[in-house]
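K.L.:
Fold the following for me, if possible:
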Amino acid sequence: MSTITLSINGQSIRFSLADVENIEAVLSQATRNPGQRAFHASSSGRLEAIVELDPEQSNHSQAVLADF
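P.N.:
Presented below is the predicted three-dimensional model:
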């Protein structure tokens, strides 16, 4: 199985190459609905994302991705 490792600020997550499309879908859904959890099923398990808006920086947001 081909995998991708994504590293951001010293934290890494490894997932299958086949999950790229599913990760993109859940992140897009979360971006369209800030503050609400978005879910998507993948071959690696359930993906969850939420965009948390920073009230002090209204033009910046943070996407949180969790694999359950």
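
K.L.:
Now stretch 26-44: buried residues?
P.N.:
26-27, 29-30, 38, 40, 42, 44 (16 or more other Cβ atoms under 10 Å). Just so you know, the C-beta spots here come from the backbone N, C-alpha and C atoms, and that holds for glycine as well.

K.L.:
got these as TSV, with distance to residue 52, secondary structure and pLDDT columns?
P.N.:
Putting the buried residues of stretch 26-44 into TSV (distance: Cβ to Cβ, whole Å; DSSP: H, G, I helix; E, B strand; the rest coil; pLDDT from 0 to 100) gives the following:
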residue	distance to residue 52	secondary structure	pLDDT
26	15	helix	93
27	13	helix	92
29	15	helix	94
30	10	helix	94
38	12	strand	94
40	18	strand	88
42	22	strand	80
44	23	coil	74
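
K.L.:
what is the residue nearest to residue 37 when sequence neighbours are not counted paired to in the beta sheet?
P.N.:
Of all residues not flanking residue 37 in the chain, residue 50 sits nearest, at 4.9 Å (Cβ to Cβ, 6 or more residues apart in numbering). When assigned by DSSP bridges, residue 50 has beta-bridge partners residue 64.

K.L.:
same question, residue 40
P.N.:
Once the bridges are assigned, which here means DSSP bridges, residue 40 pairs with residue 47.
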